[in-house]
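**Student:** next one to model:
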Amino acid sequence: MKKLFYFFVALLVVGCSMGPDPGEVAAQAAKEYYMQLLAGKYEHYVDGFYRPDSIPPSYRRQLIDNAKMFVGQQKAERRGILDVRVVNAVADTAKRSANVFLLFAYGDSTSEEVVVPMVLHRGVWYMR
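**Tutor:** Residues are numbered from 1 along each chain as shown. Model (predicted):
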């Protein structure tokens with residue numbers, strides 16, 4: 001009986017340790033969304049936000065324009081965002097969410113840490 005118990009405990013430990021860390025996956029997704037933004041792929045960045053329902057094309061266009069304005073504002077105020085690095089990620093698998101901490105390195109030699117809330121939907125991490 002003890003052997004069977006230890007077998008199940010070992011199986012549980014192995015099963016829980018297999019697969020990628022959800023926080024790390026969320027962090028890479030958040031970083032990739034921002035890299036798309038910096039590369040000028042505003043549509044991809046906007047599509048990285050979780051929306052339970054579809055949105056009208058006019059609203060999507062406004063979101064894309066806002067992303068362009070954000071990048072332009074960062075270029076004007078801080079000479080742009082040069083690099084995005086993952087600092088930390090904390091995932092809550094029960095709630096299917098994560099907080100990703102990114103560090104933006106600006107062209108004027110300053111940096112800023114931002115929190116990107118993420119949500120897991122159908123196996124894909126989206127920004128909230």
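**Student:** what about the helices in this protein?
**Tutor:** 2-17, 22-38, 42-47, 57-78 (DSSP state H).
**Student:** now the shortest one: how far from the chain's centre is it?
**Tutor:** This means helix 42-47. Computed by CA atoms, centre = their mean, to the nearest Å, the chain-centroid distance of helix 42-47 equals 13 Å.
**Student:** could you dump it to CSV, C-alpha only?
**Tutor:** Coordinates of each C-alpha in helix 42-47 appear next as CSV, following Å, rounded to 0.1, in the frame of the first residue of the first chain:
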residue,chain,number,x,y,z
TYR,A,42,0.1,47.7,-34.9
GLU,A,43,-2.6,45.3,-36.0
HIS,A,44,-0.8,42.4,-34.4
TYR,A,45,-0.4,44.3,-31.2
VAL,A,46,-4.1,45.3,-31.1
ASP,A,47,-5.1,41.7,-31.8
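**Student:** just give me the residue right at the centre of this protein.
**Tutor:** Centroid check for the chain by CA atoms, centre = their mean gives Ala30 as the closest residue, at 2.1 Å.
**Student:** now do it against Leu102, distance only.
**Tutor:** As defined by CB to CB, to the nearest Å, Ala30 lies at a distance of 6 Å from Leu102. In this view, the C-beta of every residue, glycine as well, is placed from N, C-alpha and C.
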